[in-house]
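In: Here is my input, please return the structure:
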Amino acid sequence: MRLHHLRYCLLPVCLAVITLPVAAKANSDAPIYQPGPDPLSHDNDPAREVAQQNGSAGDNGDMAMPGNNDTSASNASYRDQWLKGHWSLGAVGNVKTSPYRGADDYDLGGLPWISFDSERLHVGIDGIKAKIVQGNWGSVSILGNVRQKPFDDGDSDYLRGLHDRDWAFETGVAYDRDLGPGKAHIEYLHDVSGEHDGQQADATYKVPFETGRFHYEVGGGVMWRDSDLNDYYVGVEPGEARADRAAYAPDSAFLPHLDASVGFQLTRQMLLRANASATFLPDEYKDSSIIEDDVIYGLGLGLVYKF
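Out: Residues are numbered from 1 along each chain as shown. Purely as a prediction, here's the structure:
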């Protein structure tokens, strides 16, 4: 079913998401966590960000060398940073607009959710984040990311006949730091599966805050993709060109994005979280013969139970 005007009504809906009332406030024993991938986990692209635990990066005291008498206790504490955590089970769903010419104006998706989170480690269906170094200056993590394919050739007549895109697995590194009232995040990813052989870097800044029993996070950033990754999204090979679909090889490009979320601690162990995103496509995307829109809007909703 097509919904021709969804892309025009999603923006006010996105803004409304961050002003939804929340009925309960998370206590210190049950912090709010990201329950799932970014709804654009498009890009989250399908998965632009690896979900991560909210909180500070830690302090240098955690990394100090212990005295001999404290070795066993310190080793146990260090192991706990990796292995002592909680599991989450639930489901995530999202809706996003499609920028592709002739495709349905929106895509619906949903997945069961399972993840493990500790102070240093996140492992979930969205990927892996392992915090290998941390201190007052911030933290450095290694990443493993799954990128969903951007389209099927059956999504539109204009996409039919293009070479198959498949899911890709990427690895990379991330830097996180508390900065002013918010949190800065910089990450770099590179394809190791051979699906697109591309690279992506993303710099974001988000500000969390609470009003009464509301927990919000708003921010944005800019993402850079090289020509190989852009070709994965919007490229048309010369042998795939036809009268209504010109060949196209994109250059590298920057994609600005805005992100917002609201969290709701239903119970001590159950969390509801809503996300809204807008990704602005540059000329390197809009000049492709298979692209007709210049903004991708997304909404996501996740419900998870922590134990």
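
In: Tell me what D178 is bridged to.
Out: Counting by DSSP bridges, D178 is bridged to K183.

In: Next one: it from G298, what distance?
Out: Distance, D178 to G298, using CB to CB, to the nearest Å: 27 Å. The way it works is simple: take the backbone N, C-alpha and C, and place the C-beta from them, glycine included.

In: which one of those two has more residues nearby?
Out: Using other CB atoms under 10 Å as the criterion, D178 and G298 rank with G298 on top: 29 against 14.

In: so who does the closest residue to A246 other than its chain neighbours touch?
Out: Spatial nearest neighbour of A246, chain neighbours left out: S289 (4.4 Å); criterion: CB to CB, 6 or more residues apart in numbering. Contact partners of S289, counting by CB atoms under 8 Å, 6 or more residues apart in numbering, are R101, Y158, V236, D244, R245, A246, Y248.

In: and if you look at A103?
Out: Counted by CB under 8 Å, 6+ apart, A103 has contacts F151, D155, S156, Y158, L159.

In: Could you give the number of residues near L143?
Out: L143 has 21 nearby residues by other CB under 10 Å.

In: Now do the strand or helix carrying A130, average pLDDT.
Out: If you go by DSSP states H and E, A130 is part of strand 127-135. Strand 127-135 carries an average pLDDT of 95.

In: Please compute how far it lies from its chain's middle.
Out: For strand 127-135, the separation from the chain centroid amounts to 16 Å (computed by CA atoms, centre = their mean, to the nearest Å).

In: List the buried residues of that strand.
Out: By neighbour count on 16 or more other CB atoms under 10 Å, the buried set for strand 127-135 is G127, I128, K129, A130, K131, Q134, G135.

In: same question, stretch 291-305
Out: Here stretch 291-305 shows I291, D293, I296, Y297, G298, L299, G300, L301, G302, L303, V304 as buried, counting by 16+ other CB under 10 Å.

In: can you give me how far that stretch is from the chain middle?
Out: 10 Å.

In: got it, and stretch 175-184?
Out: Taking mean C-alpha positions (CA atoms, centre = their mean), stretch 175-184 and its chain are 17 Å apart.

In: H86 bridge partners, please.
Out: Under the criterion used (DSSP bridges), H86 bridges to D117.

In: about what we covered before: quick one: strands adjacent to the very next helix or strand once past the strand holding A130?
Out: Later in the chain than strand 127-135, the nearest helix or strand by DSSP H and E is strand 138-147. When pairs are called by DSSP bridges, strand 138-147 turns out to pair with strand 127-135 (antiparallel), strand 168-179 (antiparallel).

In: Distance to G90 added to those, as a markdown table?
Out: Listed next are the strands paired with strand 138-147 as a markdown table, based on distance: least, CB to CB, whole Å:
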| stretch | distance to G90 |
| --- | --- |
| strand 127-135 | 17 |
| strand 168-179 | 24 |
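
In: which one of those lies closest to Y78?
Out: strand 127-135 (11.5 Å; CB to CB).

In: which stretches of the stretch 201-307 of the chain form helices?
Out: 227-234, 283-286 (DSSP state H, counting those that start in this stretch).

In: What is the neighbour count of P181?
Out: Using other CB under 10 Å, P181 has 9 neighbouring residues.

In: From E217, how far off is the residue lying closest to it once chain neighbours are set aside?
Out: Closest residue to P181 apart from its sequence neighbours, by CB to CB, 6+ apart: V207 at 5.3 Å. To E217, V207 is 7 Å away according to CB to CB.

In: Counting neighbours, go ahead and name the busier of the two.
Out: A direct count of neighbours by other CB under 10 Å for V207 and E217 places E217 higher, at 21 against 13.

In: from memory that one sits against T204, does it?
Out: No: applying CB atoms under 8 Å as the test, E217 and T204 come out as separate, 10.7 Å apart.

In: what touches both of these two?
Out: D259.

In: so which strand or helix has G90?
Out: Per DSSP H and E: G90 is located in strand 85-97.

In: correction: A103
Out: Counting by DSSP H and E, A103 is part of no helix or strand.

In: ditto for S77
Out: Per DSSP H and E: helix 71-83 holds S77.

In: picking that back up, could you tell me which of the buried residues of stretch 291-305 are located in strands?
Out: I296, Y297, G298, L299, G300, L301, G302, L303, V304 (DSSP state E).
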